[in-house]
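Chemist: Mind looking at a prediction? Sequence and model below.
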Amino acid sequence: MPAQPAQSPVSVLGLGLMGTALAAALLKAGHPTTVWNRTAAKTGPLAAQGATPADTAKDAIEASPLVIVCLTTNTDVRALLEPEADALAGRTVVNLTNGTPSQARELDSWAAAHGITYLDGGIMAVPQMIATPGAYILYSGTDEAAFAAHRDTLSALADTKWVGKDPGLAALYDLSLLTGMYGMVMGVAQAFALIGSEGVPAREFAPLLSEWIVAMTHGLVPSGAAALDSGQHLTDVSNLAMNRTAFPNFTSTFTEQGLRSDLFAPFQDLLDRAVEQGHGADGLSRLATLLKKG
């Protein structure tokens, strides 16, 4: 029986909860994995799984053609990588640190000036989801061929989604998706606070809330996207004028029930502005067009 081809080596810099999960997934997939962390003790559990601890970041970089970086901020990434530019030359860096589109573009420009191939990534999963169905990572960068070359290796972490050659697109997609999530978190928090103001147990209310959110987003997201792309926002369902009239019931009830209305007050302002600008007959999708500055 012919020998199985060896999996390509990878180095992982940064062993917080996410970095540790990434390295563990690579090890499980059979990749020789070198790990480094500023606090060396964090390499111990991965070493027990077969990883090779590196004494320095440079040692870890030189061990593999593919270097995955997962730190707290992109400021940390710059501080770590800039002194190691010579060691990184000719290698591919995949930065999976959460950051902004402009930071990704700046890192890409710096990398290109030093002969380093740079890919930016946005992880759409928590550490416990890495290497499980449903997890995926967004990637972007000027060198799509580098992504294709390493895609099999990166697939050990999660499903891979290429979003474009603009290095900032992975961060933009990431933050856009998280924006939707945080908006939902705010609504869920306010809903639990409101129902709880009369002593209704959260667990009793949760199934109704979950089903309602799923049902609403199932229709709202695709229909809103179609309206935005076409520029056709007119609706015969629940227009902005109706929403504007009804919305004070929310803020008044929050106050009556002894709750803060900070999270919802700006939405009333947005509805007011939309109607005052002549969009009262439009659907909620119109609101996205009113969020641009100027």
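Modeler: Noted; the coordinates are in hand. Numbers count the residues shown, from 1 in each chain.

Chemist: ok, so what distance separates the residue most central in space within the chain from Glu82?
Modeler: Against the mean C-alpha coordinate of the chain, by CA atoms, centre = their mean, the closest residue is Asp174 at 3.4 Å. Applying CB to CB, to the nearest Å, the value for Asp174 to Glu82 is 23 Å. For every residue, glycine as well, the C-beta is placed using N, CA and C.

Chemist: Leu26 now?
Modeler: Counting by CB to CB - Leu26 and Glu82 are separated by 25 Å.

Chemist: Need the pLDDT of Ala225.
Modeler: Ala225 is assigned 96 on the pLDDT scale.

Chemist: tell me the SS of it?
Modeler: Secondary structure, DSSP: H, G, I helix; E, B strand; the rest coil: Ala225 is helix.

Chemist: tell me the mean pLDDT over the host helix or strand of the residue nearest to the centre of the chain?
Modeler: In the assignment (DSSP states H and E), Asp174 maps to helix 169-196. Averaging the model's pLDDT scores along helix 169-196 yields 97.

Chemist: repeat for stretch 152-166
Modeler: Averaging pLDDT along stretch 152-166 gives 98.

Chemist: How about stretch 62-82?
Modeler: 98.

Chemist: Give the buried residues for it.
Modeler: For stretch 62-82, burial by neighbour count (16 or more other CB atoms under 10 Å) applies to 62-71, 74, 77, 80-81.

Chemist: closest to Thr289 among those residues?
Modeler: Of all those, Asn74 has the smallest distance to Thr289: 30.3 Å, by CB to CB.

Chemist: quick one: contacts for the residue lying closest to Leu169 once chain neighbours are set aside?
Modeler: Excluding its sequence neighbours, the residue lying closest to Leu169 (CB to CB, 6 or more residues apart in numbering) is Ser140, at 4.0 Å. Neighbouring residues of Ser140 by CB atoms under 8 Å, 6 or more residues apart in numbering: 104, 119-121, 162-171.

Chemist: what's the pLDDT at Ser140?
Modeler: 98.

Chemist: cool, and Asp236?
Modeler: Asp236 carries a pLDDT value of 88.

Chemist: sorry, back to before: helices or strands up against the helix holding Asp174?
Modeler: helix 101-113, strand 117-124, strand 136-140, strand 159-164, helix 202-230, helix 248-256 (3 or more CB pairs under 8 Å, 6 or more residues apart in numbering; DSSP states H and E).

Chemist: Buried deepest among those, which one?
Modeler: The highest average neighbour count among the helices and strands packed on helix 169-196, using mean count of other CB atoms under 10 Å, belongs to strand 117-124 at a mean of 26.

Chemist: how many other residues sit next to the closest residue to Ala63 other than its chain neighbours?
Modeler: Excluding the flanking residues, the one nearest Ala63 by CB to CB, 6+ apart is Thr34, at 4.0 Å. Per other CB atoms under 10 Å, the neighbour tally for Thr34 reads 25.
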